[in-house]
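Undergrad: give me the fold of what follows.
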Amino acid sequence: MERYVENARKMLFNWKGNSYSFGFDVLSKVGELAGQYGKKALLIVADLEEAWTAGIQKSVSDSLKEKGVAYEAVTGARPNAPREDVYRLALHVARSRPDVIICVGGGSTIDAAKAANVLSTYSPADAQNSLAVSAAMASTVDPYFGVGNVSKVKNQTNQPLLPLVAVQTAASSGAHLTKYSNITDLVTGQKKLIVDEAIVPQAAVFDYGVTLDSPLELTLDGGLDGIAHAWEVFMGATGQPYYTKMKEVARACLRLIVSGLPKVKTDARDRQARLCLGLGTDLGGYSIMLGGTSGPHLGSFSLIDVLSHGRACAILNPYYTVLFAPRIQDQLTVFAEILKEGGFVKARTEGKKGRALAMLVARGMIQFSKSLGFPATLAEAGVSKAHLKQMIQAAKDPQLKMKLQNMPTPMEAERGDVDRLMKPTLEAAFTGNLDLIPQE
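TA: The predicted structure follows:
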C-alpha cells in the first residue's frame, strides 16, 4: 500500500503544487497561505464554538496571528449548504470587506463560502446584464447554477472574486480543491450545482489528523462520496482525451478508499487508514476536475431528506454500472481487480466481459456497501416512490443537464432517454433487481 500512498502524494502535488498543504500536522500552513492575499480575513467556521471544532479553530487562529492576519469569525453552513446560509454568508462578506475569505469545514461550508463569494462580488444588475435573466431571478443565486455562469459575469464585469482559502475537515467531497458548489433549496428538497473554474479556491489545507475523531457515519459517507467521484468520472471518460490520466487517478483513488474504509470501521483512529481516505478522497476531487459525475450524483440531489450524499451515490452506482456496461469494459476490469483484492468479489474475473462483468462489479460494490452496514437498495434506505418521480423530474431540468452529458452514453431528456433508460434503472435501484436495467 505504501507505493500507492506515495503515488497519490505525487499526483496531488503535481496537480496543485504549493497551493495545497495536505497530510498530518499542516494546519499551521493556513496563516502563510492566507497572508499571501492580505492582512484582513473573514473566517467562516463550520459549527463555530462547538467542541469538535475548537481545536481546529485554535490552530487556524494561532497560525493567522503568527502571520499578522486579522480576522472576524462567523458560523458556516448547515449540512447540504442551504441557500439561506449562502445569503447570510454573502452579507457577512459584503459587510466585513475582507482581503481574503478563509472557510473551515466540510463540503457544505466550503460550497456555501464559494457561492457567497459570488453573490457578494456581483450585483443583481451584473447578473441581469451578463446572463440575460429577469430582475427577480438576478437577485438570487439561481442564475449561477449550471456550467460557466460565474465566469460569464466575471469576464463581463472584469471584477475578480475575493481570494478563498479552503480548510477541509472531512475526507469526502473534495470541495477544497474543486470548481463545484452544491446548494440546496430546503423548500423543494432539491440540490443544484454551480460548476465554474472561477470558484476554485486559490489555496487549500487538509490536515488528515482532524478526521481521527470524526463520527464514523460521516467518515463512511465521505469515503463513499470519494468512490462515486472517481468511478462516475472514470465511467464517463470513455473516448475522452483525459482517459489515460483518469484511469491512473481512479485506480489509485478506488484502491486507497476500498482498502481504508473497512480499516477505519474497525479502528477509527487508524492513522494509516485515515491517510488512505484523505488521499483517496482528494483524488476523488482531482477526478471531478478532469471530468464530471453523472447519474448517481444527479439522483442524490433529490434524496437529501432521506439519505446522505455519499450513501445515496453508493446505492445508485452499481445499477448505473450495469446500464453503462457496453461502454466501460476497461473500467470494469480495473474496478473488478480492486474489489477482488478487497475480498468483495469472490467469483473469477478472468474471461468475464460485457454485461456479465458489469453484474460482477455491481454485486461487488453492493457487497462493499453492505460490509459497512449500508443499505443496498433505495427502498431499504427509506426512499419513496415520490422521490423516484422527483429524481426523474430533476433529470429533465436544463440546469442539471451536465449530469446527463457526463454519462458514458450521454442522455438527452428531449429524445426520451430519461424515461427510457434512467427510469427503469432507478426502479432497479429501488427494488434491488438488476435484471430491470435496460440494455442500450
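Undergrad: domain boundaries for the chain, per the record?
TA: 2-209, 216-433 (automatic domain parsing).
Undergrad: quick one: mean pLDDT over the first one.
TA: Put plainly, it is domain 2-209. For domain 2-209, mean pLDDT is 96.
Undergrad: give the burial count for the nearest residue to Ala394 once chain neighbours are set aside, as a bare number.
TA: Take Ala394 and drop its neighbours on the chain: the residue closest to it by Cβ to Cβ, 6 or more residues apart in numbering is Ser302, 5.0 Å away. All C-beta atoms are positioned from the backbone trio N, CA, C, and that covers glycine. Residues contacting Ser302 under the criterion other Cβ atoms under 10 Å number 26.
Undergrad: start at 84, not 1
TA: Fine by me, first position is 84 from now on; the one you just mentioned is Ser385.
Undergrad: quick check, Ser385 in a strand?
TA: No: note on Ser385: no strand contains this position according to DSSP: H, G, I helix; E, B strand; the rest coil, which reports coil.
Undergrad: using a markdown table, lay out the domains of the chain together with distance to Glu523.
TA: Shown next, in a markdown table, are these (distance: least, Cβ to Cβ, whole Å):
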| stretch | distance to Glu523 |
| --- | --- |
| domain 85-292 | 25 |
| domain 299-516 | 6 |
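Undergrad: ok, and the closest non-adjacent residue to Ile282?
TA: Lys197 (4.4 Å).
Undergrad: got a list of what the residue most central in space within the chain touches?
TA: The chain has Ser256 as the residue nearest its centroid, 3.4 Å off, counting by Cα atoms, centre = their mean. Taking Cβ atoms under 8 Å, 6 or more residues apart in numbering, we find Ser256 in contact with 189-190, 193-194, 265, 305, 308, 364, 368, 392.
Undergrad: how near is it to Ala286?
TA: According to Cβ to Cβ, to the nearest Å, Ser256 stands 17 Å off from Ala286.
Undergrad: wait, Trp98 sits on Tyr369?
TA: Yes: using Cβ atoms under 8 Å, Trp98 is in contact with Tyr369, at 5.8 Å.
Undergrad: in terms of neighbours, single out the busier of these two.
TA: Each of Trp98 and Tyr369 has its neighbours counted (other Cβ under 10 Å); Tyr369 has more, 27 against 17.
Undergrad: secondary structure class of that one, three-state.
TA: The three-state assignment at Tyr369 reads helix, by three-state DSSP.
Undergrad: would you map the helices across the stretch 84-233 of the chain?
TA: Per DSSP state H, counting those that start in this stretch, the stretch 84-233 of the chain carries helices over the ranges 85-99, 113-118, 134-149, 166-179, 190-204, 207-214, 218-221, 232-240.
Undergrad: out of those, which one sits most buried?
TA: Sort the helices of the stretch 84-233 of the chain by mean neighbour count, taking mean count of other Cβ atoms under 10 Å, and helix 190-204 sits at the top with a mean of 28.
Undergrad: what segments of the chain are strands?
TA: For the chain, the strands defined by DSSP state E occupy 103-106, 123-128, 153-158, 183-188, 229-230, 247-251, 263-268, 273-278, 286-290.
Undergrad: gap between the last one and the chain center?
TA: This points to strand 286-290. 16 Å (Cα atoms, centre = their mean, to the nearest Å).
Undergrad: which neighbouring elements make contact with that strand?
TA: Using 3 or more Cβ pairs under 8 Å, 6 or more residues apart in numbering; DSSP states H and E, the elements in contact with strand 286-290 are strand 103-106, helix 113-118, strand 247-251.
Undergrad: nearest to Met220, of the ones you listed?
TA: Nearest to Met220 among these is strand 247-251; the distance by Cβ to Cβ comes to 24.7 Å.
Undergrad: could you dump the closest one to CSV, C-alpha only?
TA: Extracted in CSV, the C-alpha atoms of strand 247-251 (Å, rounded to 0.1, in the frame of the first residue of the first chain):
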residue,chain,number,x,y,z
LEU,A,247,-10.6,31.9,-1.0
VAL,A,248,-8.5,29.6,1.3
ALA,A,249,-10.4,26.4,2.0
VAL,A,250,-9.5,24.4,5.1
GLN,A,251,-11.1,20.9,4.7
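Undergrad: need the contact list for Leu299.
TA: With Cβ under 8 Å, 6+ apart, Leu299 has these contacts: 347-348, 351.
Undergrad: tell me which of the residues you listed is nearest to Leu131?
TA: Closest to Leu131 out of the contacts of Leu299 is Ala351 (24.5 Å), distances taken as Cβ to Cβ.
Undergrad: what are the phi and psi values at that closest one?
TA: phi -60, psi -20 (degrees, to the nearest 10).
Undergrad: picking up where we left off before, okay, the helices of the stretch 84-233 of the chain in JSON lines with distance to Phe427 next?
TA: Compiled in JSON lines, the helices of the stretch 84-233 of the chain are given as follows (distance: least, Cβ to Cβ, whole Å):
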{"stretch": "helix 85-99", "distance to Phe427": "18"}
{"stretch": "helix 113-118", "distance to Phe427": "38"}
{"stretch": "helix 134-149", "distance to Phe427": "32"}
{"stretch": "helix 166-179", "distance to Phe427": "38"}
{"stretch": "helix 190-204", "distance to Phe427": "26"}
{"stretch": "helix 207-214", "distance to Phe427": "46"}
{"stretch": "helix 218-221", "distance to Phe427": "47"}
{"stretch": "helix 232-240", "distance to Phe427": "40"}
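Undergrad: burial count for the closest residue to Ile387 other than its chain neighbours?
TA: The spatially closest residue to Ile387, leaving aside those adjacent along the chain, is Asn163, at 5.2 Å (Cβ to Cβ, 6+ apart). The criterion is other Cβ under 10 Å. On that basis, Asn163 has 22 neighbouring residues.
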